[in-house]
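Student: coordinates only, no sequence provided:
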């Protein structure tokens, strides 16, 4: 299935029905008076979050949606039928923006959540409405109002508690495969992950959280290099980030430099996202002697430098992964309690989320413009930047 996380659609709500101009005519009733009915309201368009969807690919083939118009009024004071509302299903985690102004209209984060994106037109009035003591035979009616027409940009961001980031082949797919039922592609070459993978990590009988693995970043990702910029936005909803580093890279490169590269790219992409809770995870420690592991953590704290938590694991051998997941579960539970108890904290988080969404949109627009400059020609103006691939979207 093709994984598409951006799409642009046009929605057109239904026009309101016109009012009717009519006078009652019946045998034995002289001058029955005006009886033109009102028109019906036009149908509105709603987006509905559906947990059964996980890609926006359908909108590439059907980019226009139109709701039903309201019927015109009839004689005998009969009101026209209202147009049926149109409900368009989108994946959970879809953000909706006005394409022209980039104004955010809403976030669909839970199954069944709805968002009104185009209001149906108001009905027109029949001449019976304008009857009065001084105007007993009005010939005035009004037309129905047109429905809203909007060009919308849809962006799908996976809904996950923990996000994984790092260079290609850092072991992100191996980690999510080790701690969840997700089965992403794992191989000994870079860029085996081409789309985000989701896995549910269970800690105990009644506790779990969702982990997201995104394609690896490379230097220059914030400017459109590689696949990373395409998927960094999927980390926007996470509560914590795990920065995975290969401590024994096969090319003998300095892993500290690799970690600095990821940090710099993240800060350039979104300074607000870079301030999110982030843990350093040193992977593939099974390749090092046991007596060197404690010294390794101390070296990283000083060389990077790093003041946050550091964990040493082997995703392939599942060493240290259980302890890591247990600590992540404690962090997520603590964050949920704090948000529930502190309204000021919830308001602060909402402001930070809005700022981060703005930074992400700006970064994506900048990267897309740079991509077009590098690919000048007939295809440069195409909205599709060539990163869509046919893959299976894995979710536990």
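Tutor: In hand now; what should we look at? Quick caveat: nothing in here was measured; it's all calculated off a predicted structure. Residues are numbered from 1 along each chain as shown.
Student: C-alpha only now, for contacts and for neighbours.
Tutor: Fine.
Student: so what pairs up with the spatially closest residue to residue 89 that is not a sequence neighbour in the strands?
Tutor: Spatially, and ignoring its direct neighbours in sequence, residue 89 is nearest to residue 48 (4.8 Å; Cα to Cα, 6 or more residues apart in numbering). Residues in a beta bridge with residue 48, per DSSP bridges, are residue 89, residue 114.
Student: residue 48 contacts residue 94, doesn't it?
Tutor: No. Using Cα atoms under 8 Å, residue 48 is not in contact with residue 94; the gap is 9.7 Å.
Student: any idea which element residue 369 lies in?
Tutor: helix 343-374 (DSSP states H and E).
Student: identify the contacts common to residue 48 and residue 94.
Tutor: residue 108 (Cα atoms under 8 Å, 6 or more residues apart in numbering).
Student: which of those two has more neighbours?
Tutor: Ranked by neighbour count (other Cα atoms under 10 Å), residue 48 and residue 94 place residue 94 first, with 28 against 21.
Student: so who does the closest residue to that one other than its chain neighbours touch?
Tutor: Of all residues not flanking residue 94 in the chain, residue 156 sits nearest, at 4.3 Å (Cα to Cα, 6+ apart). Neighbouring residues of residue 156 by Cα under 8 Å, 6+ apart: 5-6, 55-56, 91-95, 234.
Student: distance to residue 39, pLDDT and secondary structure for those - can I get that in JSON lines?
Tutor: JSON lines is the format used below for those (distance: Cα to Cα, whole Å; pLDDT from 0 to 100; DSSP: H, G, I helix; E, B strand; the rest coil):
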{"residue": "5", "distance to residue 39": "40", "pLDDT": "77", "secondary structure": "coil"}
{"residue": "6", "distance to residue 39": "38", "pLDDT": "83", "secondary structure": "strand"}
{"residue": "55", "distance to residue 39": "39", "pLDDT": "81", "secondary structure": "coil"}
{"residue": "56", "distance to residue 39": "36", "pLDDT": "87", "secondary structure": "coil"}
{"residue": "91", "distance to residue 39": "35", "pLDDT": "89", "secondary structure": "strand"}
{"residue": "92", "distance to residue 39": "36", "pLDDT": "88", "secondary structure": "coil"}
{"residue": "93", "distance to residue 39": "37", "pLDDT": "86", "secondary structure": "coil"}
{"residue": "94", "distance to residue 39": "35", "pLDDT": "90", "secondary structure": "strand"}
{"residue": "95", "distance to residue 39": "34", "pLDDT": "89", "secondary structure": "strand"}
{"residue": "234", "distance to residue 39": "45", "pLDDT": "78", "secondary structure": "helix"}
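Student: show me what the helix holding residue 369 is packed up against.
Tutor: helix 228-231, helix 255-269, helix 271-274, helix 321-341 (3 or more Cα pairs under 8 Å, 6 or more residues apart in numbering; DSSP states H and E).
Student: residue 281: which of those is closest?
Tutor: Closest approach to residue 281 among the helices and strands packed on helix 343-374 (Cα to Cα): helix 321-341, 9.0 Å.
Student: any idea of the angle that closest one forms with helix 343-374?
Tutor: Going by axes from the mean of the first three to the mean of the last three Cα atoms, to 10 degrees, helix 321-341 is angled at 120 degrees with respect to helix 343-374.
Student: buried set for helix 321-341?
Tutor: Using 16 or more other Cα atoms under 10 Å as the test for burial, helix 321-341 gives 321, 324-326, 328-329, 332.
Student: which parts of this structure are strands?
Tutor: Secondary structure of the chain (DSSP state E): strands at 6-12, 45-50, 64-66, 86-91, 94-98, 104-108, 114-118, 149-156, 162-165, 197-202, 208-213, 240-246, 278-283, 310-312.
Student: tell me the most buried of these?
Tutor: With neighbours taken as mean count of other Cα atoms under 10 Å, those reach their highest mean count in strand 162-165, at a mean of 26.
Student: export the helices and strands packed on helix 343-374 as CSV, with columns for distance to residue 370 and mean pLDDT.
Tutor: As requested, the helices and strands packed on helix 343-374 are exported to CSV (distance: least, Cα to Cα, whole Å; pLDDT from 0 to 100):
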stretch, distance to residue 370, mean pLDDT
helix 228-231, 12, 61
helix 255-269, 14, 85
helix 271-274, 20, 89
helix 321-341, 37, 91
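Student: mind checking how far residue 30 is from residue 140?
Tutor: 21 Å (Cα to Cα, to the nearest Å).
Student: looking at the two, which is more packed in?
Tutor: The residue with more neighbours, out of residue 30 and residue 140, is residue 140; 16 against 9, by other Cα under 10 Å.
Student: what residues does the closest residue in space to that one that isn't next to it in sequence make contact with?
Tutor: What sits nearest to residue 140 in space, not counting adjacent residues and going by Cα to Cα, 6+ apart, is residue 127, at 5.4 Å. Residue 127 makes contact with 19-22, 34-37, 138-141, according to Cα under 8 Å, 6+ apart.
Student: circling back: now the strands of the chain as CSV including distance to residue 179?
Tutor: Shown next, in CSV, are those (distance: least, Cα to Cα, whole Å):
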stretch, distance to residue 179
strand 6-12, 29
strand 45-50, 26
strand 64-66, 41
strand 86-91, 25
strand 94-98, 26
strand 104-108, 28
strand 114-118, 33
strand 149-156, 25
strand 162-165, 12
strand 197-202, 6
strand 208-213, 9
strand 240-246, 14
strand 278-283, 14
strand 310-312, 15
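Student: which one of those has the lowest average pLDDT?
Tutor: Within those, confidence is poorest for strand 197-202, with a mean of 83 (mean pLDDT).
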